[in-house]
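Participant: Fold the following, please.
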Amino acid sequence: MTNSSPEIAFGKWRVTQKGTYDHRSKLQVVEDLRKNKQDAWPLVTPSHFIEQTYNELGHSVLPLAGLKNVSTVFCNEAEGYAIYTSDEKGFRNKPGVWNRKNDLLLIGDSFVQGACVEDENTIASRLQSYGNALSLGQSGTGPLVQLALLKEYSQQVNPKTVLWFYFEANDQTDLLKEQEKALLISYLRDGSFRQNLLSDNAYIQNLIKEFVESNMDKVVAEQGPKQNRASLPWFNIFRLNMLRGRLGLSFSDIAVPDLSIYQDTVAAFNRFCIENGFQLFIVYVPTGARYQMSAMPHGEKFSRKHIINLIAEVGVPIVDFHKLLISQNDPRSYYSYNGGGHLTSEGYQLLADYIIEEIETHSLHLSREIK
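Facilitator: I've put the predicted structure just below:
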């Protein structure tokens with residue numbers, strides 16, 4: 001069932017989306033696809049398993065990819081449900097990409113996984129004009145899971161360039177949860193630690209399916225069209241910062257989280273890339289919510305200046321999407337829900353074009369230094 005131009009509540013703002021809107025729940029979409037004989041499943045990512053403990057042959061196991069070769073129901077933010085067929089490893093790529101030479105490897109959260117747009121509009125697809133790109137994007141993940149993804153999967157890809165996306169609104173809160181997981185800390189502290197997930201592991205695939213079937217209500221409740229965005233970590237930060245601004249309170253270092261684990265993770269990420277001959281870039285992705293928070297300097301929203309300085313200290317080049325967005329007439333127009341959701345198709349295109357421009361500029365500077 002679809003309705004024309006619904007109004008979608010977001011805090012005190014109500015946003016009218018043009019066109020039609022699919023009001024089915026994620027579960028209804030999965031059931032409809034299954035009725036049509038499709039092997040359909042809701043999106044499941046490593047974040048679902050962070051608080052679980054599984055063992056295979058006496059060793060702890062944490063799935064880092066999704067189900068392989070299935071119709072995956074992702075999310076809906078006014079462009080219709082994003083539904084894709086997962087690749088042979090469980091990621092959002094076209095079939096066969098693991099058997100070709102890939103120039104770019106993308107690692108990050110839901111933005112890298114292409115929330116909530118069709119395949120042709122994801123950031124990986126938009127970057128194909130620059131070179132073959134393979135995505136390890138996994139919704140709901142933070143820096144430690146992303147370090148694990150790099151170590152488990154990148155050497156088969158052997159890319160020239162790794163693009164690691166940092167989303168300012170929730171990567172630090174995701175990291176707080178991830179650092180409590182001993183297995184993930186092993187990726188940080190033990191350079192040789194691996195789960196060997198590239199192998200065709202039937203145990204993990206069955207584990208994921210059993211988890212989804214046993215926890216379907218929980219899995220399908222996330223990222224649906226009627227989701228309560230006030231429950232999201234970034235929205236709570238947004239509301240707190242708005243309140244502080246109205247009260248005239250200082251946005252000083254008192255609001256800065258402990259970044260030591262993040263700095264260690266950036267250093268480990270960079271070290272691994274150097275050892276394997278990959279050029280690493282960190283892509284800084286702002287939340288659309290920051291463009292609602294006019295009372296606070298941009299550098300202090302979401303600890304931005306501290307994150308930027310930390311990355312620079314490690315020596316990793318930064319692709320700072322905020323610098324481009326702030327020059328646009330209305331940065332929020334590149335996000336769904338008027339800044340309250342993920343990037344729109346136009347937003348992903350703008351980001352892809354900017355990444356290509358920044359990579360080419362960096363390469364030009366390097367060539368000049370060598371000469």
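
Participant: Am I right that residue 200 is in a helix?
Facilitator: No - Residue 200 sits outside any helix when classified using DSSP: H, G, I helix; E, B strand; the rest coil, being coil.

Participant: low-scoring pLDDT stretches of the chain, where are they?
Facilitator: 1-20, 57, 222-257, 293-299, 364-371 (pLDDT under 70).

Participant: Tell me where it has strands.
Facilitator: 2-4, 7-10, 13-16, 20-22, 40-42, 54-56, 59-61, 71-76, 81-85, 104-107, 133-135, 161-167, 279-285, 318-320 (DSSP state E).

Participant: what would those strands look like in CSV with distance to residue 340?
Facilitator: Bear in mind the C-beta positions are built from the backbone N, C-alpha and C, glycine included. Shown next, in CSV, are those (distance: least, Cβ to Cβ, whole Å):
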stretch, distance to residue 340
strand 2-4, 19
strand 7-10, 4
strand 13-16, 7
strand 20-22, 15
strand 40-42, 22
strand 54-56, 35
strand 59-61, 36
strand 71-76, 13
strand 81-85, 17
strand 104-107, 24
strand 133-135, 24
strand 161-167, 14
strand 279-285, 15
strand 318-320, 22
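
Participant: and of those, who's closest to residue 155?
Facilitator: Taking Cβ to Cβ, strand 104-107 is the member of the strands of the chain nearest to residue 155, at 10.4 Å.

Participant: how about the helices in the protein?
Facilitator: 26-35, 110-113, 123-126, 143-157, 171-178, 182-189, 202-214, 216-221, 233-247, 260-275, 304-314, 321-325, 345-370 (DSSP state H).

Participant: Sort out which residues of the last one are buried, please.
Facilitator: I take that to be helix 345-370. Residues of helix 345-370 classed as buried: 345, 347-352, 354-356, 358-359, 362 (neighbour count, 16 or more other Cβ atoms under 10 Å).

Participant: In terms of distance to residue 313, which of those residues ranks first?
Facilitator: For the buried residues of helix 345-370, the closest approach to residue 313 (Cβ to Cβ) belongs to residue 362, at 17.8 Å.

Participant: Name the stretch among the helices of the chain that sits most buried.
Facilitator: Comparing the helices of the chain by mean neighbour count (mean count of other Cβ atoms under 10 Å), helix 110-113 comes out on top with a mean of 26.

Participant: Give me the contacts around it.
Facilitator: Outside helix 110-113, the residues within contact range by Cβ atoms under 8 Å, 6 or more residues apart in numbering are 74-75, 92, 106, 122-124, 135-140, 165, 167, 223, 285, 342-343.

Participant: Export only the CA atoms of it, formatted as PDB.
Facilitator: C-alpha atoms of helix 110-113 as PDB (Å, rounded to 0.1, in the frame of the first residue of the first chain):
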ATOM      1  CA  SER A 110      25.000   2.100   6.700                       C
ATOM      2  CA  PHE A 111      26.100   4.900   4.500                       C
ATOM      3  CA  VAL A 112      28.600   2.600   2.800                       C
ATOM      4  CA  GLN A 113      26.000  -0.100   2.600                       C
END
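
Participant: hey, C-alpha coordinates of stretch 73-91 in CSV?
Facilitator: Coordinates of each C-alpha in stretch 73-91 appear next as CSV, following Å, rounded to 0.1, in the frame of the first residue of the first chain:
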residue,chain,number,x,y,z
VAL,A,73,15.4,-6.1,2.7
PHE,A,74,17.3,-3.1,4.0
CYS,A,75,15.5,0.2,4.8
ASN,A,76,13.0,2.8,3.5
GLU,A,77,13.5,6.5,3.7
ALA,A,78,11.0,7.9,1.2
GLU,A,79,12.7,6.5,-1.9
GLY,A,80,11.1,3.1,-1.4
TYR,A,81,12.5,0.0,0.2
ALA,A,82,16.1,-0.7,-0.6
ILE,A,83,16.2,-4.4,-1.5
TYR,A,84,19.3,-6.0,-2.9
THR,A,85,20.8,-9.4,-3.6
SER,A,86,23.8,-10.0,-1.4
ASP,A,87,27.0,-11.2,-3.0
GLU,A,88,28.9,-14.5,-2.5
LYS,A,89,30.4,-13.2,0.8
GLY,A,90,27.3,-11.6,2.3
PHE,A,91,27.9,-8.0,1.3
